[in-house]
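[1] Give me the fold of what follows.
(2 chains)
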2 protein chains.
Amino acid sequence: MNGERHQQWKVVILGTGAVGGLYGAKLAVAGDDVTFLARSDYHALRTSGLHVETPEGNLVLKRPQVTRNPQQLPQADLVLVCWKATANAALEPALHACCGPHTCVLVLQNGWEIERDVAQVIGPDRVLGGCCFLCANRVAPGRIHHLDYGGITFGEYASSTRGTITERVQRIARHLHTAGIDAQPCADLHLARWKKLAWNIPFNGLSVVLKADTRQLISQPETRALAEALMREVQQCARSVSGVEVYDAHVAKMLADTEAMVPYASSMLLDYRHRRPMEVEPIFGNPLRAAIAAGYHPPRIDMLYQLLKFIDRRNQSGAAG
Amino acid sequence: MNGERHQQWKVVILGTGAVGGLYGAKLAVAGDDVTFLARSDYHALRTSGLHVETPEGNLVLKRPQVTRNPQQLPQADLVLVCWKATANAALEPALHACCGPHTCVLVLQNGWEIERDVAQVIGPDRVLGGCCFLCANRVAPGRIHHLDYGGITFGEYASSTRGTITERVQRIARHLHTAGIDAQPCADLHLARWKKLAWNIPFNGLSVVLKADTRQLISQPETRALAEALMREVQQCARSVSGVEVYDAHVAKMLADTEAMVPYASSMLLDYRHRRPMEVEPIFGNPLRAAIAAGYHPPRIDMLYQLLKFIDRRNQSGAAG
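    As a prediction, this is how the structure comes out:
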């Protein structure tokens, strides 16, 4: 935590997976009034609490405030949307309960245009979007293993505010900082999203197609070259869709960071292994369609999307792969 | 068999897998003096014979002439190279034994420029190349299951003869016909190879990446579209490398044939499952490099090649996928 004093906020965390568990625990330990909306982990959280193992030590909430009824959520200063976009059917009752006129909703999901579902419920003006750079897994109900990294880059969603870091974004960043969360405001959420997709598209996608962790993918010359080629296509998507440049230095950094990273099974690979629906549309389908609509057809992203649709459908049907 | 009388030829069959077993059995039943060079199937062939189950009935050679010593092969009128290109290290002693000045060597392997290995041993002038359109599997040593199709399109390899159907190609075609083999001479082996690759590249490749049979691949919209996109890239490879046109009607026919086909695990998928080396270089690496050298970089074929290199290396290492 930084020197600045932590003011108590009312925070609602939607989803108690790796992202929601880690950030929710940090905010609660720092003194916030945090309520979790849980589904399958509800009983574990009620009976055994929330346990987050981090590289710097362990965080334990013995009695987290947790509900599985969205209508029981309190009105919040800040809502973090941490479940996967595949769970968004539950957004509407939750947001209606916890959003007041001054509530900010920070969407920490992966993909392109994934804030749209939230904006359709509460309008775009209270919506922020953020990208987590985080190696963490939910290893069991109520148990999170945080392996590496942990920062958030976030900014305003509404197109009217594109290019500016608003006062409330700065305020939220300071608040998160005092809870030990490395939160970086950004003026252009588009750019942040494309920079994140430059990692998610190759490494989530290839990890599922090849059933491989990040170390295996980055250490073989063919898959490293393929990951880089996919990143180049994301660069072109960013230019075509948003008119922004994901610099080559970012591509080089993503590759170098992945080399330096502990071997990591992507969240999409874990979803595959547990036969949960995968975020194929948010991470692959949405950017692909946006690029095609903007006049650029990325061939490798399209191919990865097609492979993943096949794999996800078979996996959901219960058939062996 | 056709009305024409079958003349006895001396035939050597290199490899006793699906291709060598089926065509060798047909030629032997028709009256040819057929010798098989076998490796792992040697004992099964010696003790139990060769059994080929076909849609029209079963062919059985109780006592096939079979050797595992290439130096014991007789000099032949016709040699069929039927093992996979991954076994070509054994070519040289075999060809030295069975090739005389008038021997023709018909290479029935999959891929691009796979006749080169044979031509390096005996020079290009006695080399022919052929593509099999065949659903057949070696289900056990000495046991072949022929499911569907069965034709061969073949022609001269030497570039000096490109564009012509030579007298010897016509003679061999007639001979194969009298043994009930649908053998079609072609004037341009390049075109035949690209037409075959238009099937092999999508369906061998995707079957291994997705662990799926042809029916599963063709019946899902995403993988059907991906197979077609890969065929389009093969069309462009054919234009760039060889200046020939694989017509859209051929692409449509390949897709329709695959729909009509019995569900079929490609030979590459069987190689994968049995942890045998896969024909990644002949079917993917060689055409890819030829296309790039000709100024066209096919992105999806490149990606498929990269995925398969990763899968093949891991599979050969014995690791789980």
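[2] helix or strand for the residue in the stretch 51-200 of chain A that chain B sits nearest to, which one?
    Residue nearest to chain B within the stretch 51-200 of chain A (Cβ to the nearest Cβ): residue A:198, separated by 16.8 Å. In short, each C-beta sits where N, CA and C put it, glycine included. Assigned by DSSP states H and E, residue A:198 belongs to helix A:189-210.
[3] and what of residue A:289?
    Short version: residue A:289 belongs to helix A:286-293, going by DSSP H and E.
[4] check contacts around the most centrally placed residue in chain A.
    Central residue of chain A (Cα atoms, centre = their mean): residue A:109, 3.5 Å from the mean position. Neighbour list for residue A:109: A:81, A:82, A:83, A:84, A:85, A:279, A:282 [criterion: Cβ atoms under 8 Å, 6 or more residues apart in numbering or on different chains].
[5] 10 Å - rerun?
    A:14-15, A:19, A:81-88, A:115, A:117-118, A:129-132, A:279, A:282-283 (Cβ atoms under 10 Å, 6 or more residues apart in numbering or on different chains).
[6] where does it land in three-state SS?
    Per DSSP: H, G, I helix; E, B strand; the rest coil, the local secondary structure of residue A:109 is coil.
[7] how does chain A divide into domains?
    A:10-187, A:191-317 (automatic domain parsing).
[8] Show me which residues of stretch A:205-219 are buried.
    A:205-214, A:216-218 (16 or more other Cβ atoms under 10 Å in any protein chain shown).
[9] what's the first-to-last distance across stretch A:181-197?
    21 Å (Cα to Cα, to the nearest Å).
[10] Hmm, residue A:128 and residue A:171 touching each other?
    No: judged on Cβ atoms under 10 Å, residue A:171 makes no contact with residue A:128 at a distance of 11.3 Å.
[11] who touches both of the two?
    With Cβ under 10 Å, 6+ apart, residue A:171 and residue A:128 have common neighbours A:78, A:104, A:185.
[12] Now do the same for the residue nearest to the centre of chain A: its pLDDT.
    Residue A:109 is assigned a pLDDT of 94 by the prediction.
[13] quick one on the thing from earlier: in terms of secondary structure, what does the helix or strand that comes right after the helix holding residue A:198 contact?
    For helix A:189-210, the succeeding helix or strand toward the C-terminus, using DSSP H and E, is helix A:214-219. Applying 3 or more Cβ pairs under 10 Å, 6 or more residues apart in numbering or on different chains; DSSP states H and E, we find helix A:214-219 packed against helix A:189-210, helix A:221-237, helix A:248-260, helix B:299-317.
[14] Now do the residue of the stretch 51-200 of chain A closest to chain B against residue A:78, distance only.
    Residue A:198 is 28 Å from residue A:78, where distance means Cβ to Cβ, to the nearest Å.
[15] Could the C-alpha coordinates of stretch A:290-304 be exported in PDB?
    Taking Å, rounded to 0.1, in the frame of the first residue of the first chain, the C-alpha atoms of stretch A:290-304 are listed here in PDB:
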ATOM      1  CA  ALA A 290     -15.100  -5.400 -35.900                       C
ATOM      2  CA  ALA A 291     -12.000  -5.700 -38.200                       C
ATOM      3  CA  ILE A 292     -13.900  -7.200 -41.100                       C
ATOM      4  CA  ALA A 293     -16.500  -4.400 -40.800                       C
ATOM      5  CA  ALA A 294     -13.600  -1.900 -40.900                       C
ATOM      6  CA  GLY A 295     -12.200  -3.500 -44.100                       C
ATOM      7  CA  TYR A 296      -9.500  -5.700 -42.800                       C
ATOM      8  CA  HIS A 297      -9.800  -9.500 -42.700                       C
ATOM      9  CA  PRO A 298      -7.100 -11.000 -40.400                       C
ATOM     10  CA  PRO A 299      -6.600 -14.600 -41.700                       C
ATOM     11  CA  ARG A 300      -4.900 -16.200 -38.700                       C
ATOM     12  CA  ILE A 301      -7.300 -14.700 -36.200                       C
ATOM     13  CA  ASP A 302     -10.200 -15.900 -38.300                       C
ATOM     14  CA  MET A 303      -8.600 -19.400 -38.400                       C
ATOM     15  CA  LEU A 304      -8.100 -19.400 -34.700                       C
END
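[16] What mean pLDDT does that stretch get?
    98.
[17] Does residue A:112 touch residue A:192 like I think?
    No: with contact defined as Cβ under 10 Å, residue A:112 and residue A:192 do not form a contacting pair (11.4 Å).
[18] quick one on the thing from earlier: adding distance to residue B:304, write the domains of chain A out as JSON lines.
    Output for the domains of chain A, formatted as JSON lines (distance: least, Cβ to Cβ, whole Å):
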{"stretch": "domain A:10-187", "distance to residue B:304": "25"}
{"stretch": "domain A:191-317", "distance to residue B:304": "8"}
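[19] What residues does chain A have near chain B?
    Within reach of chain B by Cβ under 10 Å from any Cβ of the partner chain, chain A has these residues: A:206, A:209-212, A:216-217, A:220-227, A:229-230, A:233, A:298-300, A:302-314, A:319-321.
[20] Of the residues you listed, keep whichever come out buried.
    Buried among the residues of chain A next to chain B (16+ other Cβ under 10 Å): A:206, A:209-212, A:216-217, A:220, A:222-224, A:226-227, A:229-230, A:233, A:298-300, A:302-312, A:314.
[21] Who are the contact partners of residue A:280?
    A:86, A:111, A:204-205, A:208, A:268, A:271, A:286, A:304-305, A:307-309, A:311-313.
[22] run the last query once more with 8 Å
    Residue A:280 neighbours (Cβ under 8 Å, 6+ apart): A:305, A:308, A:309, A:312.
[23] For the first one, which non-adjacent residue is closest in space?
    Put plainly, it is residue A:305. Counting by Cβ to Cβ, 6 or more residues apart in numbering or on different chains, residue A:305 lies nearest to residue A:284, which is 4.1 Å off, once chain neighbours are set aside.
[24] Does that neighbour touch residue A:308 like I think?
    Yes: the pair formed by residue A:284 and residue A:308 meets the contact definition of Cβ atoms under 8 Å, at 6.1 Å.
[25] Can you pull the residues that touch both of those two?
    residue A:205.
[26] So what's the residue count around the residue nearest to residue A:305?
    Applying other Cβ atoms under 10 Å in any protein chain shown, we find 27 residues neighbouring residue A:284.
[27] That one and chain B: what is the separation?
    For residue A:284, the distance to chain B equals 11 Å [Cβ to the nearest Cβ, to the nearest Å].
[28] before we move on, what about residue A:263?
    13 Å.
[29] Tell me the secondary structure at that residue.
    coil.
[30] for chain A, what are the low-confidence residue spans?
    Chain A contains residues with pLDDT under 70 at A:1-4, A:321.
[31] Isn't residue A:197 up against residue A:234?
    Yes: if you go by Cβ under 8 Å, residue A:197 and residue A:234 touch, sitting 5.3 Å apart.
[32] Need the residues touching each of these two.
    Common neighbours of residue A:197 and residue A:234 (Cβ under 8 Å, 6+ apart) are residue A:287.
[33] related to what we said a few turns ago, looking at residue A:198 and residue A:78 now, which is surrounded by more residues?
    residue A:198 (26 against 23).
[34] Return the residues in contact with the more buried one.
    A:231, A:234, A:235, A:246, A:250, A:251, A:254.
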